[in-house]
Structures are given as structure tokens and as C-alpha cells.
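Q: Predicted model, plus sequence, below.
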Amino acid sequence: MQQTHTETFLEKFSQAFQQKKLVKLTLSKPRDKKADLKNIIITPVNLKKGLLLNFVYRYSTRDITKNFDLEEASEKIWQAMEKDFLLADMYAAEENLKFMVSPSGKVKLKTHAVIAPVPVTFSHDRKKERLVEPENNIYLRELGVTNEKGEVKHDKKDKFLQINRYLELLQPEIKQLPAAEILKIADMGSGKGYLTFALYDYLVNRVGVNVEMTGVEFRNDLVKTCNDIAINCGFINLEFLKGTIEEAEIDDPDILIALHACDTATDDAIYRGIQAGSSLIVCAPCCHKQIRKEFSVTSELSSVLKHGILEERQAEIITDGLRALLMEAHGYKTRVFEFISTEHTPKNLMIVGRKISSGEAARDKALNNIQKIKEMFGVKEHYLEGLLKG
């Protein structure tokens, strides 16, 4: 009898765990959108009882952690896939699997090549699973994140947390990119280079990817400082150039990054990524001014948006929502999510677009939604929309 996709997926999961090649399994996209359980994260963990599977059940307001052996874990996963979730992603040392259930009930199972494998770990202390370590780290010391002993400075703990969170978020996105002999990355508006250095270090020295990376920064002093640090670290394929997002002369990158580019500079970066056909575009926008100036709401919402703080927040949502839709209209699958808690930084939203093969129907749907949203809020044209038309 032919195996079902569910059985094949669980067999692959079992093999990866037994061969100590399993990195992580996540169950997401609840069948019931109102369900309190949002996802389940499953990782191998080595305890006194032996190698088990750690389940983190993530609810709206709390996490519950439980450990199961392989047989129990497989049964729990089977039940969750059949009743609770529409998507399961397995990350392993040699292959990644995606199990998907459509709204109509059709099941698909896809395998993705691994180009940037995540190190397999069995530690129960999740705090030790950092993708950047502070000890003997030249760039963290030179940038003032750590002291001479390799200890994170008290006033830089938030920055250190942000660096690790950034890499954690990019891991699964980079793993799904098409295989390439050299991965070209451009970090537009790289600033002091905290995240630029961390991503280069992680990809090259932790997972062995052949990378050519360029940081683009307008301030001369930062360009010089970052190039000096790159030389001291022996990061031979990392270079910082003076320039602006709009005009910097760089080769078309596979990954284009623009973190905290102010106002329409984020749109300039997204535009460059789309024009270059970048496989991955990563942005963390800030200072949303353009759309707010254009707001002209005559519907019932006007009574709400008369309050400045609410108008400001609504403008941010519409600005970034239209950015995501414009990327979708140009063949990108987008995700918009919290980069890091507002407790650590108010600039906490991230937009990620991954190039996919999408047809005219998807493009037309996105463009139609864009037009409706603009009409609702009295917006004539989003800045990114104008760039893409030109």
C-alpha cells in the first residue's frame, strides 16, 4: 500500500531524529484561526533519560514545554497535523521538508535543498543555542558590544539579543534560496555593521557558505571603521562602500538587506532588490512619513484618525502593508512580523520577501487590493509604486 504524505513526512522525521540529523520541526497555520494554540516547536534534547524531543506549545499568552520519546512525539505530531495545523516544516542536516494542507484539504509534501544548514544541537539550555558567541569575537569587541574578556557589556545586552534574533529569523529564509556557487549579499545602509558582520560570520564560519558581501553606508567614518574591522577579522569577502541606497554601484545581489532605512529609503532598497531580481529582500522600515502626508479619509474611520497617534500608527500599517502587496505583485512571497520585542527597540517590524514563481492571477489580485486600500485612505500613490512604474 502506498504511503500517505503524512506517513512519509513522519518517517523522514523519525529517521532524521534517530540519525541525529534533526534540527527543528515546526507546526503552524492553525486550522482554526481563532485557536489559542498558535504553533508547536519541536527540537531534540539530550536529558538524563536520553535523547528526547522537546515540544514548545506556543499559545497567545503563554508557552508550555513538554518532553516525549520518539514514539510519543510521532503520535502527538500525527494528531496535530490531522486536526490542528495546516503547515509543518522540518529542518534537518541533509534535507528540509514542507508538509502543506490547502483550504480544500489537498495535501502536498515538498523537499528543499539545504544550502545553509543549521548546526544540530541537543542542549536543553536554550540560552546556549546562540548563533553568535561573544567569546573571542573580534568584531563584537571592536564595536563595543563585548569587553576585553569577551563578556557582553551590560548596556549592550539588547544589541546582542537583537543580533542573535536577526540570524535566527534569516536562517529558514536563506535555507530556501536556490543553490548558488557564491551567495551575493548587499546590506544597504549598513551603519556600524553589527548585523552585517554577524551574518557574514555566521554564513561563512558556521555553515560554510561561499559569500560575497557588501555593506553600503554614506558616512565615511563608518565605512573606514568597518573595513578596518573586516580586515582584522580576516573577513576577506566582506567590503564596505561609501554610497547611498539609490546610487551605490553593486552587482545584483541574491540577498538585499535594508534595516532601519528612513522613510522612503526603504522603498528605494526594495525597488533595487526587485529590479535586481534578488531571491530575498529583507527590510526593517522606520520613520513612515510619505503615506501619512497623503491620508485623506472621508469614511467613518475619519473619527478615529483625528487622533494623531492613531493616524500615525495607521499610516505605518498602510505603508508597510502596501509595500508587502507591491512585492507580491512582482513575484515575491512576503512575511511581515515582529523583529524583536518593543521592549528592546521600537523599530521592530520586519518585511521579508522571497522570490517565487507566481502567475498573473496573483499579480492582479495584489494590484487590485492595492487600489482598494489607496481609495479607502485617500492615497494617490505609494512611493514604491511610483518607482516600479518608472
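A: Now that the structure is in, tell me what you want to look at.
Q: Identify each buried residue in stretch 283-297, please.
A: Using 16 or more other C-beta atoms under 10 Å as the burial criterion, the residues of stretch 283-297 that qualify are 283-286, 288, 290-292, 294-295, 297. Heads up, the C-betas are built off the backbone N, CA and C, glycines and all.
Q: Adding distance to Glu168, write the residues you listed out as JSON lines.
A: Rendered in JSON lines, the data for the buried residues of stretch 283-297 read as follows (distance: C-beta to C-beta, whole Å):
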{"residue": "Cys283", "distance to Glu168": "17"}
{"residue": "Ala284", "distance to Glu168": "14"}
{"residue": "Pro285", "distance to Glu168": "20"}
{"residue": "Cys286", "distance to Glu168": "21"}
{"residue": "His288", "distance to Glu168": "26"}
{"residue": "Gln290", "distance to Glu168": "31"}
{"residue": "Ile291", "distance to Glu168": "30"}
{"residue": "Arg292", "distance to Glu168": "32"}
{"residue": "Glu294", "distance to Glu168": "36"}
{"residue": "Phe295", "distance to Glu168": "35"}
{"residue": "Val297", "distance to Glu168": "38"}
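Q: Closest to Gly308 out of those residues?
A: Gly308 has its nearest neighbour among the buried residues of stretch 283-297 in Arg292, at 9.8 Å by C-beta to C-beta.
Q: got any ranges where the chain has weak pLDDT?
A: 1-3, 113-129, 340-347 (pLDDT under 70).
Q: switch to 50 and redo it
A: The chain contains residues with pLDDT under 50 at 1-2, 125-128, 341-346.
Q: Do a quick rundown of the strands in it.
A: When assigned using DSSP state E, the strands of the chain occupy the ranges 22-30, 37-47, 50-59, 63-68, 85-92, 96-101, 107-112, 183-188, 211-217, 238-242, 255-262, 280-286, 332-338, 349-355.
Q: quick one: which of the ones you listed is nearest Asn368?
A: strand 332-338 (16.3 Å).
Q: got a list of what the nearest residue to Glu385 once chain neighbours are set aside touches?
A: Once flanking residues are discounted, Glu385 sits nearest to Leu326: 6.0 Å by C-beta to C-beta, 6 or more residues apart in numbering. Remark: with contacts taken as C-beta atoms under 8 Å, 6 or more residues apart in numbering, Leu326 is in contact with 270, 366, 370, 382, 384-385, 388.
Q: mind redoing it with 7 Å?
A: Contacts here follow C-beta atoms under 7 Å, 6 or more residues apart in numbering; on that basis Leu326 touches 370, 382, 384-385, 388.
Q: and Ala315, how many neighbours does it have?
A: Residues contacting Ala315 under the criterion other C-beta atoms under 10 Å number 21.
Q: how close does Leu325 get to Lys110?
A: 25 Å (C-beta to C-beta, to the nearest Å).
Q: More neighbours: which of the two?
A: Leu325 (21 against 10).
Q: shouldn't Tyr57 be in contact with Ile40?
A: Yes. Between Tyr57 and Ile40 a contact is recorded at 5.6 Å, counting by C-beta atoms under 7 Å.
Q: Looking only at neighbour counts, state which of these two leads.
A: Ile40 (21 against 18).
Q: Setting the sequence-adjacent residues aside, check what's closest to the more buried one.
A: Closest residue to Ile40 apart from its sequence neighbours, by C-beta to C-beta, 6+ apart: Leu27 at 4.3 Å.
Q: who does the one you found bridge with?
A: Beta-bridge partners of Leu27, counted by DSSP bridges, are Ile40, Ala88.
Q: Give me the neighbour count for it.
A: 26.
Q: so who does it touch?
A: Going by C-beta under 7 Å, 6+ apart, the list of residues near Leu27 reads 39-40, 80-81, 85, 88.
Q: just Cys226 next, same as before
A: If you count contacts by C-beta under 7 Å, 6+ apart, Cys226 has them with 193, 215, 240.
Q: For Gly378, which of the strands of the chain is the nearest?
A: Sorting the strands of the chain by C-beta to C-beta, the top spot, which is the nearest, belongs to strand 280-286 at 21.2 Å.
Q: could I get the contacts of Leu326 as CSV with distance to Phe235?
A: As requested, the contacts of Leu326 are exported to CSV (distance: C-beta to C-beta, whole Å):
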residue, distance to Phe235
Ile370, 40
His382, 37
Leu384, 32
Glu385, 37
Leu388, 34
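Q: which residues in the stretch 101-250 of the chain form helices?
A: Under the criterion DSSP state H, counting those that start in this stretch, the stretch 101-250 of the chain contains helices at 138-142, 157-175, 194-201, 220-233.
Q: Stretch 97-107: end-to-end distance?
A: Stretch 97-107 has its terminal residues 13 Å apart, counting by C-alpha to C-alpha, to the nearest Å.
Q: hmm, back to that, distance of the residue nearest to Ile40 relative to Glu212?
A: Relative to Glu212, and taking C-beta to C-beta, Leu27 is found at 36 Å.
Q: between the lengthiest helix in the chain and strand 349-355, how many degrees?
A: For the chain, the helix that runs over the most residues, judged by DSSP state H, is helix 308-329. Helix 308-329 runs at 10 degrees relative to strand 349-355, counting by axes from the mean of the first three to the mean of the last three C-alpha atoms, to 10 degrees.
Q: Would you mind extracting the C-alpha trace of helix 308-329 into CSV?
A: The C-alpha coordinates for helix 308-329 follow below in CSV (Å, rounded to 0.1, in the frame of the first residue of the first chain):
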residue,chain,number,x,y,z
GLY,A,308,-2.7,62.0,15.9
ILE,A,309,-1.2,58.9,17.5
LEU,A,310,-3.8,56.6,15.9
GLU,A,311,-3.3,58.3,12.5
GLU,A,312,0.4,57.7,12.8
ARG,A,313,0.1,54.1,13.6
GLN,A,314,-2.4,53.5,10.9
ALA,A,315,-0.1,55.2,8.4
GLU,A,316,2.7,52.8,9.4
ILE,A,317,0.4,49.8,8.9
ILE,A,318,-0.8,51.0,5.5
THR,A,319,2.7,52.0,4.4
ASP,A,320,4.2,48.6,5.1
GLY,A,321,1.1,46.7,4.1
LEU,A,322,1.3,48.3,0.6
ARG,A,323,5.0,47.5,0.4
ALA,A,324,4.3,43.9,1.0
LEU,A,325,1.5,43.8,-1.6
LEU,A,326,3.7,45.6,-4.1
MET,A,327,6.4,42.9,-3.6
GLU,A,328,3.8,40.2,-4.0
ALA,A,329,2.7,41.9,-7.3
